[in-house]
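Could you look at this predicted model? Sequence included:
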Amino acid sequence: MTGCTCLTPGYCERHKVVKNRHWFYLCQTREDYFNNWEQGIGPGQPVPKMKCLKKDEEMRRTKGAHLPGVGSTLTRWFESMGIKAHTGCRCKSLAAEMDKKGIAFVEEHFEEYVEKMYVSAREWRQKSTIFPQPPKFAIRALIRWAISCAKQQAANTSFKLPEQEEQV
């Protein structure tokens, strides 16, 4: 059982969301769903407005770096939340792949990256019990946000995106 105090499906004052019978059942019986609603990231709750993070000057000067990128944007966001990659997890290699392939490629293969991040988060979660396994809808929202930030930052810098590089 969870800490859910609702008696019936409908509007949940605690989580500020209308829960249908299925969501009500999940809130009553699944600790992971209950905790997501407690944190404001459960199904039906609005995605919080996240601001793009400013890039570090040193990162901008790194030779050959294709910043901004979706992967580096996600990495900076996770680190700002205190979430660090474990030894052996694929987080860093996935972020590097996203940066190398470029924003357009990540957009075209969006669901593949949602699945890759979901699997990576599940593996990461096995070594850290602090954070719950994020649901796929949250991963989708986070990748969309990172794509938007990467595009916005690319427009405000002198860097060229990998897909826009000139061939030498």
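Here it is on my side, so go on.

Pull the contacting residues for G10.
The contact partners of G10, taken as CB atoms under 8 Å, 6 or more residues apart in numbering, are V18, K19, F24. To be clear about C-beta, it is placed using only N, CA and C from the backbone, and glycine gets the same treatment.

Number of residues surrounding H15?
22 (other CB atoms under 10 Å).

Just the element for M98, please.
Using DSSP states H and E, M98 maps to helix 91-101.

What segments of this protein are helices?
21-29, 31-38, 57-61, 70-80, 91-101, 103-108, 110-127, 136-155 (DSSP state H).

can you put those helices in a markdown table and add distance to T2?
Shown next, in a markdown table, are the helices of the chain (distance: least, CB to CB, whole Å):
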| stretch | distance to T2 |
| --- | --- |
| helix 21-29 | 6 |
| helix 31-38 | 4 |
| helix 57-61 | 41 |
| helix 70-80 | 27 |
| helix 91-101 | 29 |
| helix 103-108 | 35 |
| helix 110-127 | 19 |
| helix 136-155 | 19 |
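
Out of those, which one sits most buried?
helix 70-80 (a mean of 21; mean count of other CB atoms under 10 Å).
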